[in-house]
Every structure is written in C-alpha cells, then in structure tokens.
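In: Predicted model and sequence below, questions to follow.
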Amino acid sequence: MYIGVETFQNLNFLPGLITLGSFMMPLTILIFFWEMNVPQNISIYKVIKILFGGGILSLVTAGLMYDNFSDSTSVIMIGIIEEVAKLLVILWFLKETKYKFIFNGLLIGAAVGAGFAAFESAGYALRVALLSDLDNMYSTIIWRGVLSPGGHIAWAALLGSAICIVKGGSNFRWSMLSDFRLLRILGIVIILHALWDVQWPGELPYAQIALTIISWIIALGIMNIALKEISSLKASQTMGMILPVDTGLITGHENSPRGI
C-alpha cells in the first residue's frame, strides 16, 4: 500500500494503507490474548466480531459521553470518559455466565480495546493526511502502532479481567460496580490513560514507553492470577474424582485466586 501511494502516486491505495497500518499491531496483540485464553472457550470468529462491534460501540459511547460534559479536554476527564465507555461495552459482552474465567475477561477486554485503538488510529491518520502531509501521516501510523500494546488494548484487558474477577461464574449485577477490586483497576487505567495524554517534553515518547511497561507488568500479574485460577480448577476436578463431595474441598473458596 505504501508503494502504491509513494511510488505510483495513486491515492486509491491510501484508504487501505490507513486501515492496514492502523489495524496491524492491535490485531497482532489481540491474537496473543486469544492464544493466552487457556480455557479456549471463545472462537476467533467471536473475537473478530467483538473487535469490530466492541470497537465501534465503545467509540460511539465515548462520543456520547463527550457531548454531555462541558469540560472534556482535560487529560483526567478524557481518561475517565474513554475508560468508562470501554468498561460499559466490555460489561455487555461479559454479561453471559459462560465467560467466567479471568482469561476470558482479558481476551474480551483486549478485543474491545484493540477495536477502539485501531479505529481511533485510523481517524488520527486520516486527519493528519488531510491537515498536514503524508510523511506526518506515516509517522502517526507507525508510532501509534508501536505504542498500541501499552494503550487501549492493555487497559481494556485489565478492565475485562477485573470484571471476571468480581463476577466469576455468576450473572453480572450492577452492584458489582462498587466492588473495590473493580474500582481499583478502573482507577489505575484512568490514571495511566491521563498520564499517557500529558504533553511530555522531548521528541521521543519516553513517557508512553514507560507507561507501556507499567501496564504490562500489571497485565502479567493478572495473567499469573488467571493461571492460578485454572490450576485451582483442575486441582478441584482431580480431587473431586477421588474425594467425597461433602468434604468441602471442591466448593471451598479459602484459596481461590479471585480473592487476591
């Protein structure tokens, strides 16, 4: 697509260049989360549906919220609006009881975040192409692609994992939104988002790179908890084959990783 635009000077390649450039890295990171979904109970077809549907819904939800706030230009307000918008959309997809594992929350959250990030990047690329020049557009696509793993995708994955930690295998109830574990993760991603949008000095995005590392340290910690959840479930199933059910070992929650 780049060769078509630059070498052949054919602008018919431009929409494809913007689309592929904006989706390439988010889709790659999303495939990683899909492969990390140890229960393997969500098909790639479902993931792609959530990528497009969730991405569009979260952007529209954020747009509606922006219209209802008089001050929506501060970095903290941007963080609140966009993260709450993604949270509401992720809740919609996770409301089914079959999505009860933390890995499910990570994957579905990442799918919504990847869609949000890709469509937003495409919008920024088009705006730069119209208002500036193609060189700046290429730079926008490249840098937003390089930094996308630590932005919306990681933050939305954390939100999805928090929802599954809170609800487990039960139906979602609105009262769960007051759970401290969910509010803590929401607060963290809002702060990360706000810091990301600060105009830091310097030509290179050192702050965003540091925030990417922080986001993934937290995400890897959640993945470790998710692995413990799967191991605990397997151990319970194994014990259930050799111990009476009324021992309480199967239904006990003393060592449940969800309480961490």
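Out: Right, received. Where do you want to start? As the structure is a prediction and not an experimental result, all values here were calculated from the model. Numbers count the residues shown, from 1 in each chain.
In: Run through the helices of this protein in chain order.
Out: Applying DSSP state H to the chain gives helices spanning 2-6, 14-36, 44-67, 75-94, 102-131, 134-147, 152-167, 180-197, 206-242.
In: Can you give me the buried ones in the last one?
Out: Residues of helix 206-242 classed as buried by neighbour count (16 or more other C-beta atoms under 10 Å): 208, 211-212, 215, 218-219, 222-223, 226, 228-229, 236. C-beta coordinates here come from the backbone N, C-alpha and C atoms, glycine included.
In: could those be laid out in JSON lines, adding pLDDT and distance to Y2?
Out: Putting the buried residues of helix 206-242 into JSON lines (pLDDT from 0 to 100; distance: C-beta to C-beta, whole Å) gives the following:
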{"residue": "Q208", "pLDDT": "96", "distance to Y2": "24"}
{"residue": "L211", "pLDDT": "97", "distance to Y2": "29"}
{"residue": "T212", "pLDDT": "97", "distance to Y2": "25"}
{"residue": "S215", "pLDDT": "97", "distance to Y2": "29"}
{"residue": "I218", "pLDDT": "97", "distance to Y2": "35"}
{"residue": "A219", "pLDDT": "97", "distance to Y2": "31"}
{"residue": "I222", "pLDDT": "97", "distance to Y2": "37"}
{"residue": "M223", "pLDDT": "97", "distance to Y2": "35"}
{"residue": "A226", "pLDDT": "96", "distance to Y2": "38"}
{"residue": "K228", "pLDDT": "94", "distance to Y2": "45"}
{"residue": "E229", "pLDDT": "93", "distance to Y2": "44"}
{"residue": "S236", "pLDDT": "80", "distance to Y2": "53"}
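In: just those residues now: which is nearest T97?
Out: Set against T97, the nearest of these by C-beta to C-beta is E229 (15.8 Å).
In: Which residue, other than its chain neighbours, is closest to the residue nearest to the spatial centre of the chain?
Out: Nearest to the mean C-alpha position of the chain, counting by C-alpha atoms, centre = their mean, stands A156 at 2.7 Å. Of all residues not flanking A156 in the chain, G113 sits nearest, at 2.8 Å (C-beta to C-beta, 6 or more residues apart in numbering).
In: mind listing what the one you found touches?
Out: 26, 86, 151-157 (C-beta atoms under 8 Å, 6 or more residues apart in numbering).
In: Can you turn the buried part of those residues into a PyMOL selection?
Out: Command for PyMOL that selects the buried part of the contacts of G113, burial taken from 16+ other C-beta under 10 Å:
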select buried, resi 26+86+151+152+153+154+155+156+157
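In: Quick check: the two most widely separated of the contacts of G113?
Out: Every pair of the contacts of G113 checked by C-beta to C-beta; the farthest is P26 and K86, at 13.5 Å.
In: which of the contacts of G113 has the weakest pLDDT?
Out: Least confident by pLDDT among those: that is G151, with 94.
In: Quick check: pLDDT value at the residue lying closest to that one once chain neighbours are set aside.
Out: Distance criterion C-beta to C-beta, 6+ apart; nearest residue to G151, sequence neighbours excluded, is A117 at 6.0 Å. Per-residue pLDDT puts A117 at 97.
In: swap in T251?
Out: Looking at T251, its pLDDT stands at 39.
In: before we move on, what about the one 4 residues further on?
Out: Listed pLDDT for N255 reads 45.
In: Could you do the one 3 residues further on as well?
Out: Note on R258: pLDDT of 52.
In: what comes up buried for stretch 176-190?
Out: In stretch 176-190, residues buried by neighbour count (16+ other C-beta under 10 Å) are 176, 181-182, 185-186, 188-190.
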